[in-house]
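Colleague: Predicted model, plus sequence, below.
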Amino acid sequence: MQPDMKTVNREILLAFWKIHILHHAAEGPVVGNWMLKELRHHGYDASPGTLYPLLARMEEHGWLSSTVAGSGPKAARAYRLTEAGAAVLEVVQAQMGELVGETRLRKEP
């Protein structure tokens, strides 16, 4: 049985998007269009209608800060990791390590 990927995306994989965003923002500024391509590269069904509100929410939480280069509605907005975002990323990385370890153990015969 194939899972309903729309539901899987909304309920689980959307959190993975956030981790990707925090990770790449830790490396340097990211812009939405680049992030869309990066998420798609990793197999996520990323759309602008989901990504941009997600970036805005992450900024509202204080995990990202942004600056706009240029003017007008199509001006690129660059997102950078904040100190709070770095703390969140650290927590998530620790939890991911624990989760990966546990799920790998269960697959072994």
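Modeller: Structure's in. What do you need?

Colleague: Let me see the ranges of the helices in this structure.
Modeller: 5-8, 14-27, 32-41, 48-60, 83-107 (DSSP state H).

Colleague: packing partners for the third one?
Modeller: Read that as helix 32-41. Where contact means 3 or more CB pairs under 8 Å, 6 or more residues apart in numbering; DSSP states H and E, helix 32-41 is packed against helix 14-27, helix 48-60, strand 76-81. C-beta: built from backbone N, CA, C; applies to glycine.

Colleague: Could you measure from the residue nearest to the spatial centre of the chain over to Arg104?
Modeller: The residue lying closest to the centre of the chain (CA atoms, centre = their mean) is Lys18, at 2.3 Å. For Lys18, the distance to Arg104 (CB to CB, to the nearest Å) stands at 23 Å.

Colleague: try Gly28
Modeller: In terms of CB to CB, Gly28 sits 31 Å off from Arg104.

Colleague: Please pull out the lowest mean pLDDT helix or strand from this protein.
Modeller: Sorting the helices and strands of the chain by mean pLDDT, DSSP states H and E puts helix 5-8 at the bottom, at a mean of 85.

Colleague: From the chain's centroid, how far away is that helix?
Modeller: Helix 5-8 sits 17 Å away from the centroid of its parent chain (CA atoms, centre = their mean, to the nearest Å).

Colleague: Over to stretch 72-84?
Modeller: Counting by CA atoms, centre = their mean, stretch 72-84 comes out at 14 Å from the chain centroid.

Colleague: just stretch 5-16 next, same as before
Modeller: For stretch 5-16, the distance to the chain centre is 12 Å (CA atoms, centre = their mean).

Colleague: That one: which residues count as buried?
Modeller: 9, 13 (16 or more other CB atoms under 10 Å).

Colleague: Just the CA atoms from it would do, formatted as CSV, please.
Modeller: Only the C-alpha atoms of stretch 5-16 are listed here, as CSV (Å, rounded to 0.1, in the frame of the first residue of the first chain):
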residue,chain,number,x,y,z
MET,A,5,2.2,11.5,0.2
LYS,A,6,0.3,14.7,0.7
THR,A,7,-0.5,13.6,4.3
VAL,A,8,3.0,12.3,4.9
ASN,A,9,4.4,15.7,3.6
ARG,A,10,2.1,17.7,5.8
GLU,A,11,2.4,15.6,9.0
ILE,A,12,6.0,14.5,8.9
LEU,A,13,8.3,15.7,6.1
LEU,A,14,7.5,19.3,6.6
ALA,A,15,9.5,19.2,9.8
PHE,A,16,12.4,17.8,7.7
